[in-house]
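In: compute the structure for the input listed below.
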Amino acid sequence: MTPQALLLSGLHDFSTDLIAAALKDRGTSFLRLNREQLPSCRVTLDPVAAVIDVRIPSGLTATINPSDLRSVLFRQPVFLRNTPGHALSASEQLERSQWSAFLRALCVLDCQRWMNHPAKTYLAESKPYQLRVAAKLGFSVPRTRVGNDLAGIRSAELGDPLIVKSLDTVLIHDGSDCLFTYSTAGDVASWHQEDLSSAPVLCQEFIRDKTDLRVTVVGNDIFAVRIEESGCGIKEDWRVRPREKVRFVPTELTEECATHCRRLAKTLDLPFAAIDLLEIDRGRRFVFVEVNPTGEWGWLVQCGLPIDTAIANWLATEEGGVA
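Out: Take a look at the predicted model:
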């Protein structure tokens, strides 16, 4: 087998499942490598020729040849966020670190199109950097401070309450529990310095009367939904609401907002970008919240948005986009 597309993902990534099905439908050959299964594979990389020979447990063999390979899908955050709930053995530490290095080594595929390149993903994962780039491109952004100095955050006069976020996505194992953080409204007047000392946080002004938008950029294509409950915007982080109550309603962006989204993805050099916006004053203003270079989108296909087809076409063709 000589694949035209290489999918670097995880075993349980539903979005990659959809992309694989779409590639199969259009007759594009591909090889999927899941990070959890790499130790069971047998791989040999020639870094100068950028040729990779792979044998997977099922017996399938593949040669990744740069003359045939068109694109690489990189569906993995650069940072290792999934902190284990127990001390790792020496062999487990070795396995994690060296396979992570191997995935970075696949950047020798430097003549192929990446969605998205690990170096670009690394930079774009920084929330403060995203905000600066978005503001320079003309987006409205929330007033923001990052740090662990309570006096400095209070002096910024962001308002009370304000929105508190982790500076980076938090996935921490505590025994059998997996801990994840959401955006929350914090009463800064009741805070104490010891509440912030151990780790920096990202604090932003609380924006009321908003409707969340999820904008997915794939090449030049844009897919947008309004996130509502009972026909209205959701006051808090919509991810904490019961899923059966949340509705994702396909919508058209204004030409100006769509242009800003495309420019942001292009400036960050992200062929794929999941952008979160707030719609204010019934569409008269849009506020940038953040962009995720490896964001989830699989559930949006059920809303009638052909994101899987758009990504498959981008991976398989020179121009990408929905055929």
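In: just the helices in the stretch 201-323 of the chain please.
Out: Taking DSSP state H, counting those that start in this stretch as the criterion, the stretch 201-323 of the chain carries its helices at 255-267, 307-316.
In: show me the strands in the stretch 151-300 of the chain, by range?
Out: Counting by DSSP state E, counting those that start in this stretch, one finds strands in the stretch 151-300 of the chain at the ranges 162-166, 171-174, 177-180, 184-186, 201-205, 210-218, 221-229, 246-251, 272-280, 285-292.
In: quick one: average confidence on the second one?
Out: The average of the pLDDT scores along strand 171-174 is 50.
In: returning to that earlier point: just send the strands of the stretch 151-300 of the chain back as TSV, with mean neighbour count too.
Out: (Each C-beta comes from the backbone N, C-alpha and C, glycine too.) Formatted as TSV, the strands of the stretch 151-300 of the chain follow (neighbours: other CB atoms under 10 Å):
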stretch	mean neighbour count
strand 162-166	20
strand 171-174	13
strand 177-180	10
strand 184-186	15
strand 201-205	21
strand 210-218	22
strand 221-229	19
strand 246-251	14
strand 272-280	22
strand 285-292	21
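In: weakest of the ones you listed in terms of mean pLDDT?
Out: Among these, strand 177-180 scores lowest, at a mean of 46.
In: residues contacting the residue nearest to residue 188 when sequence neighbours are not counted?
Out: Among residues not flanking residue 188 along the chain, residue 160 sits closest, at 5.1 Å (CB to CB, 6 or more residues apart in numbering). For residue 160, the residues meeting the contact criterion (CB atoms under 8 Å, 6 or more residues apart in numbering) are 187, 188, 189.
In: that older thread, let's have the strands of the stretch 151-300 of the chain in TSV, adding distance to residue 147.
Out: Below are these laid out as TSV (distance: least, CB to CB, whole Å):
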stretch	distance to residue 147
strand 162-166	12
strand 171-174	21
strand 177-180	22
strand 184-186	14
strand 201-205	8
strand 210-218	25
strand 221-229	30
strand 246-251	32
strand 272-280	22
strand 285-292	18
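In: compare those and give me the one nearest residue 150.
Out: strand 201-205 (10.0 Å; CB to CB).
In: what is the closest one packed up against?
Out: Judged by 3 or more CB pairs under 8 Å, 6 or more residues apart in numbering; DSSP states H and E, strand 201-205 is in contact with strand 144-147, strand 162-166.
In: picking up where we left off before, highest neighbour count among the contacts of residue 160?
Out: residue 188 (17 neighbours; other CB atoms under 10 Å).
In: and the helices of the stretch 201-323 of the chain, which is most packed in?
Out: helix 307-316 (a mean of 24; mean count of other CB atoms under 10 Å).
In: could you check the angle strand 221-229 makes with that helix?
Out: Put simply, helix 307-316 runs at 160 degrees to strand 221-229, going by axes from the mean of the first three to the mean of the last three CA atoms, to 10 degrees.
In: so which residues make contact with helix 307-316?
Out: Under the criterion CB under 8 Å, 6+ apart, residues 4-5, 15, 18-19, 21-23, 25-26, 28, 30, 70-71, 73, 113, 115, 216, 218-219, 221, 223, 271-272, 297-298, 300-301, 320-323 lie in contact with helix 307-316.
In: redo the contacts of residue 160 as CSV? Include pLDDT and distance to residue 242.
Out: Below are the contacts of residue 160 laid out as CSV (pLDDT from 0 to 100; distance: CB to CB, whole Å):
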residue, pLDDT, distance to residue 242
187, 83, 25
188, 83, 29
189, 82, 30
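In: distance to residue 98 added to the residues you listed, as CSV?
Out: Converted to CSV, the contacts of residue 160 look like this (distance: CB to CB, whole Å):
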residue, distance to residue 98
187, 46
188, 44
189, 49
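In: shouldn't residue 120 be in contact with residue 271?
Out: No: the pair residue 120 / residue 271 is not scored as a contact, 9.2 Å apart, by CB atoms under 8 Å.
In: neighbour-wise, which of those two wins?
Out: residue 271 (23 against 17).
In: dump the residue contacts of that one.
Out: Per CB under 8 Å, 6+ apart, neighbours of residue 271: 113, 114, 115, 116, 218, 219, 265, 314, 320.
In: how about 7 Å then?
Out: Applying CB atoms under 7 Å, 6 or more residues apart in numbering to residue 271 gives the contacts 115, 116, 219, 314.
In: next, the nearest residue to the first one once chain neighbours are set aside: phi, psi?
Out: In this case it means residue 115. Sequence neighbours aside, residue 271 is the residue nearest to residue 115 in space, at 4.5 Å (criterion: CB to CB, 6+ apart). Note on residue 271: backbone dihedrals following degrees, to the nearest 10 are phi -60, psi -30.
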